[in-house]
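**Student:** Just need the structure, nothing else, for what follows:
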Amino acid sequence: MTDAALIWSYLASKPLLWLTATLVAYWAGDAIFRAARRSPFANPVMLAVVFLAVLLTATGTPYQSYFEGAQFVHFMLGPATVCLAIPLHTNLPKVRRALVPILVALGAGSFTAVASALAIAKLLGADAVLMATLAPKSATAPVAIGISESLGGQPTLTAVLVLLTGMIGAIFVTPMLNALGLRDWRARGFATGVAAHGIGTARAFQVHDTAGAFASIGMGLNAVLTAFLAPLVLHLFL
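**Tutor:** Have a look, this model is predicted:
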């Protein structure tokens, strides 16, 4: 065994290695994102995923070994979700003034996110387990994983689908909303949060503070509504 292989074998046995790798990968992705003048196509989360995937493949590291070291990041998703109450409280007067449009948009967005995914899956011949896995993909990860597990889906695959949903939303939301001529930052942010959860919300904050605040509200409310809506809609398709 070469010296490099011995060093890697030693490092790979340390739990902090993969937490450090995750943080470094995101730092590198964010550096590229800034260098690209915040282009949505240089999304730092997407780049970090690519960097980590290449590293895990090159070193032959199974995902379970990676997760054991990086699970602190996963644990922090729970507190981060609870913190969504902060922007909701801060912007409560704005929410009250726009309560009816918010409720209508929330209902339409949540139902469409669940029903469209299930309809496409049904047409492609997906089984009940895969459909249960897909149903909560637009909710934030901690909530989506819990919903998937309760419905009999595959929580690990749900986490992947949540990540893909967020990255796709973050990449395309700005050019799409610009093309639609939507100028209200509240509406832009809320739509982004409902459709693309945390990753989309991070993108909304990069564009405008008001958009980011309403994206946080949309993400939080959608997580709650999806927990009730996903089982009902799934039952209609099974």
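**Student:** would you list every one of the strands in the chain?
**Tutor:** Along the chain, counting by DSSP state E, no stretch forms strands.
**Student:** In the longest helix anywhere in it, which residues are buried?
**Tutor:** The longest helix of the chain (DSSP state H) is helix 209-237. Burial within helix 209-237, assessed by neighbour count using 16 or more other CB atoms under 10 Å, is assigned to 210-223, 225-227, 229-231, 233-234, 237. For glycine as for every other residue, the C-beta is placed from the backbone atoms N, C-alpha and C.
**Student:** again, but for stretch 117-124
**Tutor:** Residues of stretch 117-124 classed as buried by neighbour count (16+ other CB under 10 Å): 117-118, 121.
**Student:** Any figure for the gap between D30 and L123?
**Tutor:** Distance, D30 to L123, by CB to CB, to the nearest Å: 38 Å.
**Student:** dump the residue contacts of L55.
**Tutor:** Under the criterion of CB atoms under 8 Å, 6 or more residues apart in numbering, the neighbours of L55 are 21, 25, 61.
**Student:** Verify the stated contact: the first one with L52.
**Tutor:** Same thing as A21. Yes - because the distance of 6.6 Å satisfies CB atoms under 8 Å, A21 is recorded as touching L52.
**Student:** hey, where'd the helices end up in the protein?
**Tutor:** Under the criterion DSSP H, the chain carries helices at the ranges 3-12, 16-35, 44-59, 63-82, 85-90, 92-97, 99-123, 128-134, 141-151, 155-180, 185-207, 209-237.
**Student:** Provide a list of residue ranges in this structure with pLDDT below threshold.
**Tutor:** By pLDDT under 70, the low-scoring segments of the chain are 1-15, 74, 77-78, 81, 84.
**Student:** tell me the domain ranges of it?
**Tutor:** 3-82, 86-237 (automatic domain parsing).
**Student:** hey, which of these is tucked in deepest?
**Tutor:** The densest packing among these, expressed as mean neighbour count by mean count of other CB atoms under 10 Å, is seen in domain 86-237 with a mean of 19.
**Student:** Off-centre distance for it?
**Tutor:** Relative to its chain's centre, domain 86-237 lies at 9 Å (CA atoms, centre = their mean, to the nearest Å).
**Student:** coming back round to it: turn the contacts of L55 into a markdown table, including distance to A195.
**Tutor:** Formatted as a markdown table, the entries for these read as follows, by distance: CB to CB, whole Å:
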| residue | distance to A195 |
| --- | --- |
| A21 | 30 |
| A25 | 25 |
| T61 | 33 |
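**Student:** quick one, what contacts V162?
**Tutor:** Counted by CB under 8 Å, 6+ apart, V162 has contacts 136-141, 144-145, 197.
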